[in-house]
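Visitor: for reference, the sequence and a predicted model appear below.
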Amino acid sequence: MTGDGTPGRPDVPATTRALRIRLDLAYDGTDFSGWALQPDRRTVEGVLGEGLTTILRPAEPLRLTVAGRTDAGVHARGQVVHVDVDPDGWAALPGRSDRAPGAALVTRLAGVLPADVVVRRAVPAAPGFDARFAALERRYVYRIADPGAARDPLRRLDTVAWRKPLDAEAMDAASARLVGLRDFAAFCKQREGATTVRTLLEFSWRRLEDGVLAATVRADAFCHSMVRSLVGAVVPVGEGRRPVEWPAGLVARGGRASEVHVMPPHGLSLEEVRYPDDAGLAARVEQARARRDAVGGHDA
């Protein structure tokens, strides 16, 4: 569902004069074909890149690096991006006002971006910051309204309606058995050259006050479709069709489990990306770039 886990070249500013900017943003993924730029498709990267280009007027195309490349229909409240910009253009953003350049950029982006994308903060990044590789963990939430939940039409675009009753306690017990450093190939759409080893930090379920079932899923990183597949593996447990041990048993297969239903994208939202303090950024980037080919390798 997010980053593919493949090692890449060091992401350094395009020129020695470039200034790295961190952007914190949120978006409604309903009408987007995911984060990544695609020809003839409306994507978050495309829309944001156009907005930044309109305002900054860079001499060369801007390159956006994102913490998690969300799929089509997936939402975000806590997405993080970095972009390298010309320092002079950054300094000129406030014009004659006394605002900070970041505050000026946020205001100006609000004037050119569509309503389903909001940049909340723009600041110069600390030395060594990389939105993708410096991240310690990503936190997602998945929402399901089964018959025991109050149906809210205002939440229909971020909550999956489910016809069968679900046992939250059984789902939580099944999810807990998946936590840890494992090869999650059973729950990932394989990409050539990409590792599927991840550290799942939390996978838990609870009923909210309105009865909606909410899963919290935290990991150092995720492979393609991993969160929606994890949810899809424990829903049959909640329905009583599979035993609590079944999802964990799929891990040993070492390949994609065809029985797992990939859940609809609109129930998923990227809520938060956590980073180390400034002193730990460089070490985290180096650690994350080290590819893990087997359980017991470096975290990424």
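Guide: Nice, thanks for sending it over. Numbers count the residues shown, from 1 in each chain.
Visitor: so Arg22 sits in a helix?
Guide: No: assessed with DSSP: H, G, I helix; E, B strand; the rest coil, Arg22 is strand; it does not lie in a helix.
Visitor: pull the contacting residues for it.
Guide: Arg22 sits next to Val80, Val81, His82, Arg121, Ala122, Val123, Pro124, Ala125, Phe129, Ala131 when contact means Cβ atoms under 8 Å, 6 or more residues apart in numbering. The C-beta positions use only the backbone N, C-alpha and C, and glycine is treated the same way.
Visitor: now, which of those residues sits nearest Gly232?
Guide: Val80 (26.6 Å; Cβ to Cβ).
Visitor: can I assume the closest one sits in a strand?
Guide: Yes: with three-state DSSP as the criterion, Val80 is part of a strand.
Visitor: excluding chain neighbours, what is closest to it?
Guide: Ala67 (4.3 Å; Cβ to Cβ, 6 or more residues apart in numbering).
Visitor: pLDDT wise, what is the one you found at?
Guide: pLDDT, Ala67: 97.
Visitor: centroid residue for this protein?
Guide: Against the mean C-alpha coordinate of the chain, by Cα atoms, centre = their mean, the closest residue is Gly68 at 3.6 Å.
Visitor: can you report phi and psi for that one?
Guide: phi -150, psi 120 (degrees, to the nearest 10).
Visitor: my guess is it meets Glu137, correct?
Guide: No: at 10.6 Å, Gly68 does not count as touching Glu137 under the criterion of Cβ atoms under 8 Å.
Visitor: now the common contact residues for those two.
Guide: Val273.
Visitor: Ala76 versus the residue nearest to Val80, what's the distance?
Guide: To Ala76, Ala67 is 9 Å away according to Cβ to Cβ, to the nearest Å.
Visitor: could you do Thr199 as well?
Guide: 21 Å.
Visitor: please apply the same query to Arg57.
Guide: Where Ala76 is concerned, Arg57 sits at a distance of 27 Å (Cβ to Cβ).
Visitor: between those two, tell me which one has more neighbours.
Guide: Ala76 (25 against 9; other Cβ atoms under 10 Å).
Visitor: which residues does that one bridge with?
Guide: Beta-bridge pairing of Ala76 under DSSP bridges involves Tyr27, Leu270.
Visitor: report the contact partners of the residue nearest to Val80.
Guide: Contacts of Ala67 (Cβ under 8 Å, 6+ apart): Thr2, Gly3, Gln79, Val80, Val81, Ala131, Arg132, Ala135, Arg138, Leu270, Val273.
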